[in-house]
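Undergrad: Show me the folded form of this:
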Amino acid sequence: MKKTILLLMSVQFFVYLGFGIIIPVLPEVIVEQGFAEIHVGGLITIYALASFFTAPLWGKLSDNTGRKRLILVGLAGFSLSFFLFSLFLDNLVLLYASRIIGGLFSGALYTAVTGYVADITTDEERNKYMGLLGMSIGLGFIFGPAIGGLLGSISLSLPFTASAVLILLLMAYAAAVLKEPVRQGEAVKRKLLPKGGAMLWNYRIRYLFLMSFMVTFLLAGLESTFQLFQIEQIEITPLQLGYLFIASGLVDAAIQGGVVRRIKDGAETKWIMGAQVVTAAGLFMLPFTSSLVFAGVALSIFTAGNALSRTALVSLTSKESGGKYGTAAGMTYSMDNVGRIIGPLFFTWLLTLQSGSVYYLSGALALLSIGLIVLYKSSAKTLRTTEKASASV
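TA: Numbers count the residues shown, from 1 in each chain. Now for the predicted structure:
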């Protein structure tokens, strides 16, 4: 079973590595080919759209045809998307096609992998192993931009060619190792509104959902505009950007592993508000970038605030859900995805109009979002109270 779990973790890692690997390379491709800068946001957004809205269909197919088959199909399609991108860097239509294919098959992999884990684990084990999948996703997000930047310094097509080959090797290994599991449940189907999710919006937890959207919205906006702006400011290269993302990834890991454990029960709101101030500080620094070191410091400050907000929010949302952990997690996931869909296109468009001043708006939004936590704290309509009251009746 350990071998199977490690393989499934590898699949999730590569899916989200594929999402992140494009970040330091795409702006360079767009600038080098003379395409309009808005396409940086467009190519990131189209991937998220294809993944999010096709995943429920893949989930149904996974339940009907089997997990292993869909994992193999997903890996083949995902590899194809990388080969397509690496071969046609000068063709905008095919770049969009490759991103749609990549997003589509990443949705297949997500649903098949989570369904597989649900089938081979007991109720007691499931949270542990789903947590390991979540860790793999996080590592993919952290290392994707770093690897993309380092390999992109050699050749802009190399990150995608290397990823495509590795995914094909992973597919061959999966074909040999994986066995179709005995069906115990359904695949996890991504939905825009999870079943029962509408009810949660009647309670103050809704402010936490909106906060999740804002945190991811700002992160997606920075990821899609950072390199474009730094090319203009300091002529940053993919290799330099890779170094910066490695540094910010280490900051993210330090926050997750060190700072978060110090948050005491009941103190989450203070930490989230403080984190948003730190996030805003990093964003406000960016327009003044004059060197690579300054850009790295600003990025790391932003990352520290954003990572702290994200993690504290997850903890607070689970406590506020009144036992409806799965529904609340599904809603948070949906809000995160909406942020990833809207953020890149919106902020890239603003960058083309306002250049670095876009970060003043981002910083202001980070500070204004603190109002959501204030509204949350001032509201008495909580699921915690409802749960306790019903338990005492």
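
Undergrad: Let me see the contact set for Leu84.
TA: Leu94, Ala97, Ser98, Ile101 (Cβ atoms under 8 Å, 6 or more residues apart in numbering). Glycine gets a C-beta too; all of them are placed from N, C-alpha and C.

Undergrad: Including pLDDT, secondary structure and distance to Ala48, could the residues you listed go into CSV?
TA: Compiled in CSV, those are given as follows (pLDDT from 0 to 100; DSSP: H, G, I helix; E, B strand; the rest coil; distance: Cβ to Cβ, whole Å):
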residue, pLDDT, secondary structure, distance to Ala48
Leu94, 96, helix, 19
Ala97, 96, helix, 16
Ser98, 95, helix, 14
Ile101, 94, helix, 14
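
Undergrad: ok, the residues you listed vs Leu208, which is closest?
TA: Distance to Leu208, by Cβ to Cβ, is smallest for Ile101 among these, at 34.4 Å.

Undergrad: Show me the domain layout of this protein.
TA: Per automatic domain parsing, the domain ranges recorded for the chain read 1-190, 195-393.

Undergrad: Mind checking what secondary structure Asp265 has?
TA: coil (DSSP: H, G, I helix; E, B strand; the rest coil).

Undergrad: Give the burial count for it, as a bare number.
TA: When neighbours are defined as other Cβ atoms under 10 Å, Asp265 has 8 of them.

Undergrad: any idea which helix or strand carries Tyr360?
TA: Per DSSP states H and E, Tyr360 falls inside helix 358-368.

Undergrad: contacting residues for the closest residue to Ser369 other than its chain neighbours?
TA: Nearest residue to Ser369, sequence neighbours excluded (Cβ to Cβ, 6 or more residues apart in numbering): Met214, at 4.4 Å. Met214 is in contact with Gly339, Leu365, Ala366, Ser369, Leu372, counting by Cβ under 8 Å, 6+ apart.

Undergrad: so the strand or helix carrying Met214 versus helix 358-368, what angle?
TA: Using DSSP H and E, Met214 maps to helix 205-234. Angle, helix 205-234 to helix 358-368, by axes from the mean of the first three to the mean of the last three Cα atoms, to 10 degrees: 160 degrees.

Undergrad: ok, and what's touching the very next helix or strand once past helix 205-234?
TA: Sequence order places helix 238-254 as the next helix or strand after helix 205-234, per DSSP H and E. Residues outside helix 238-254 that contact it (Cβ under 8 Å, 6+ apart) are 23-25, 28, 142-143, 145-150, 152-153, 156, 226-227, 230, 292, 295-296, 299-300, 302-304, 307.

Undergrad: how many neighbours does the residue nearest to Gly296 when sequence neighbours are not counted have?
TA: Leaving out its chain neighbours, the residue that sits closest to Gly296 by Cβ to Cβ, 6+ apart is Leu244, at 4.8 Å. When neighbours are counted by other Cβ under 10 Å, Leu244 registers 26.

Undergrad: The contacts of helix 238-254 in helices, which ones?
TA: 28, 142-143, 145-150, 152, 226-227, 230, 292, 295-296, 299-300, 302-304, 307 (DSSP state H).

Undergrad: Need the pLDDT of Ser321.
TA: On pLDDT, Ser321 comes in at 80.

Undergrad: Quick check, it in contact with Met331.
TA: No - Ser321 is beyond contact range of Met331, at 9.1 Å (criterion: Cβ atoms under 8 Å).

Undergrad: Give me the contacts around the strand or helix carrying Thr161.
TA: Here Thr161 sits within helix 158-177, counting by DSSP H and E. By Cβ under 8 Å, 6+ apart, the residues outside helix 158-177 that reach it are 3-4, 7, 10-11, 14, 17-18, 21-22, 25, 68, 71-72, 75-76, 78-80, 82-83, 85-86, 147-148, 151-152.

Undergrad: Can you list the low-confidence ranges for the stretch 1-150 of the chain?
TA: 1, 55-56, 59, 62-63, 123-124, 126-127, 131, 134 (pLDDT under 70).

Undergrad: Please report the distance of the residue positioned nearest the centre of the chain from Phe35.
TA: For the chain, the residue sitting closest to the mean C-alpha position, by Cα atoms, centre = their mean, is Phe141 at 6.5 Å. Per Cβ to Cβ, to the nearest Å, Phe141 is found 25 Å from Phe35.
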